[in-house]
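Trainee: sharing a model prediction with you, sequence too.
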Amino acid sequence: MSTVVTTLRRTATGGAGLLWTALVVVPLYWVLVTSLRGQADFTTGNPLALPGHPTLDNYRTVLDGDFTTYLLNSVIVTLATVAVVIAVALMAAFSVVRHSTPWSRLTFRLYLLGLAIPLQAVIIPVYLLIIRMRLYDSLLAIVLPSAAFALPVTVMILVSFLRDIPRSLFEAMVMDGAGDWRMLFSLAAPMARPALVTVAVYDGLQVWNGFLFPLILTQSGDKAVLPLALTLYRGEFGINVPATMAAVVLSTLPVLVVFVLARRQLVAGLTAGFSK
């Protein structure tokens, strides 16, 4: 009886794994194949079949436009946001872990409260605030609110990771006369490197794919980022789907490069810092 149950469990697990793989792989395959189709082939052919006449015209269409401008804007916004979030979150997490005072505990609770505030619920106050600060239609208008909404989860992860650093290491540095800044940069930051890479990749991916802030807080074409630029491949009577898919493929390449380069640190950060 136990053998039958074990076999059924393995079969169910394998089937669920295959189903999950199909749900992930098939859309990616469709995007890649569609980007190699002509507009006529897309409207008449089997959407999952290999294109009869593969073409790179869609990629030429995208690259001949303002794709490089949109790509540069996305890179600037993502790097600036991640830099601000990492700097502020690391100092905040270090303060929460090292200084167990009512003020630090209250600050940590306020950060955690930010996890419960949906972005869509405060988009109008954010818009009015950006207008009052005279930052509307600038890349900084995307960076600041994106960093603010990324801080709560980043602080939570870093606090969890820094709490696993042995207190004896901090006490040894105190005995050597090190101050908070020295402990932050010489001990906490190096030991929290896997967590820093993890939150940097996570936050960077969220900002890279962000659509609402660029849509509401910018209007000029030269300030558009990649997710917003994908809406530009539509005409009066329809959408150029193959060109849109080509833009999607090109926009995912930088993310894939980051994942490949940071995969080891990313895995280490996901598996460490949560042992307590």
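Mentor: Alright, I've got the coordinates.
Trainee: low-scoring stretches of the stretch 1-150 of the chain, by residue?
Mentor: For the stretch 1-150 of the chain, the stretches with pLDDT under 70 are 1-2, 4-5, 45.
Trainee: what segments of it are helices?
Mentor: With DSSP state H, counting those that start in this stretch as the criterion, the stretch 1-150 of the chain has helices at 2-35, 39-44, 57-64, 67-98, 102-113, 123-132, 140-162.
Trainee: quick check: which of those helices is buried the most?
Mentor: The highest mean neighbour count among the helices of the stretch 1-150 of the chain, using mean count of other CB atoms under 10 Å, belongs to helix 140-162: a mean of 22. No exception for glycine: its C-beta is placed from N, CA and C like everyone else's.
Trainee: what are the contacting residues of the helix or strand following that one?
Mentor: Where DSSP states H and E defines the elements, the next helix or strand beyond helix 140-162 is helix 167-175. Helix 167-175 is touched from outside by Arg98, Arg182, Met183, Ser186, Leu187, Met191, with contacts defined as CB atoms under 8 Å, 6 or more residues apart in numbering.
Trainee: would you mark the buried spots in helix 167-175?
Mentor: Phe170, Met173 (16 or more other CB atoms under 10 Å).
Trainee: just give me how far that helix sits from the chain centre.
Mentor: For helix 167-175, the gap between its own C-alpha mean and the chain's C-alpha mean amounts to 35 Å (CA atoms, centre = their mean, to the nearest Å).
Trainee: what are the C-alpha coordinates of it, in CSV please?
Mentor: Output in CSV follows, covering the C-alpha atoms of helix 167-175 (Å, rounded to 0.1, in the frame of the first residue of the first chain):
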residue,chain,number,x,y,z
ARG,A,167,27.5,39.5,18.1
SER,A,168,31.0,38.5,19.2
LEU,A,169,32.3,39.9,15.9
PHE,A,170,30.8,43.3,16.7
GLU,A,171,32.0,43.1,20.3
ALA,A,172,35.5,42.4,19.1
MET,A,173,35.5,45.4,16.8
VAL,A,174,34.2,47.5,19.7
MET,A,175,37.1,46.3,21.8
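Trainee: which ones are touching the nearest residue to Val75 once chain neighbours are set aside?
Mentor: In this structure, Val75 finds its nearest non-sequential neighbour in Pro254, 7.3 Å apart by CB to CB, 6 or more residues apart in numbering. For Pro254, the contact set (CB under 8 Å, 6+ apart) comprises Leu71, Val75, Trp208.
Trainee: with respect to Ala12, which of those residues is nearest?
Mentor: Set against Ala12, the nearest of the contacts of Pro254 by CB to CB is Trp208 (35.9 Å).
Trainee: and the closest one, how many neighbours?
Mentor: Other residues lying near Trp208 total 21 when counted by other CB atoms under 10 Å.
Trainee: can you tell me the closest non-neighbouring residue to it?
Mentor: Thr78 (5.1 Å).
Trainee: can you give me how far the helix or strand harbouring Pro214 is from the chain middle?
Mentor: Assessed by DSSP H and E, Pro214 sits inside helix 212-217. How far helix 212-217 lies from its chain's middle: 16 Å, per CA atoms, centre = their mean.
Trainee: got a list of contacts for that helix?
Mentor: For helix 212-217, using CB under 8 Å, 6+ apart, the contacting residues are 119-120, 123, 126-127, 130, 135-137, 141-142, 145-146, 223-225, 227-228.
Trainee: distance to Leu50 added to the helices of the stretch 1-150 of the chain, as a markdown table?
Mentor: Listed next are the helices of the stretch 1-150 of the chain as a markdown table, based on distance: least, CB to CB, whole Å:
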| stretch | distance to Leu50 |
| --- | --- |
| helix 2-35 | 7 |
| helix 39-44 | 11 |
| helix 57-64 | 16 |
| helix 67-98 | 26 |
| helix 102-113 | 50 |
| helix 123-132 | 42 |
| helix 140-162 | 39 |
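Trainee: with respect to Leu232, which of those lies nearest?
Mentor: Closest to Leu232 of these is helix 67-98 (CB to CB; 8.8 Å).
Trainee: coming back round to it: tell me the first helix or strand C-terminal of the helix holding Pro214.
Mentor: Per DSSP H and E, the helix or strand that comes after helix 212-217 is helix 226-229.
Trainee: alpha carbons of that following helix, as CSV, please.
Mentor: What follows is helix 226-229, C-alpha atoms only, in CSV (Å, rounded to 0.1, in the frame of the first residue of the first chain):
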residue,chain,number,x,y,z
LEU,A,226,11.2,50.3,-21.7
PRO,A,227,7.9,49.0,-20.2
LEU,A,228,6.3,52.3,-21.2
ALA,A,229,7.9,52.2,-24.6
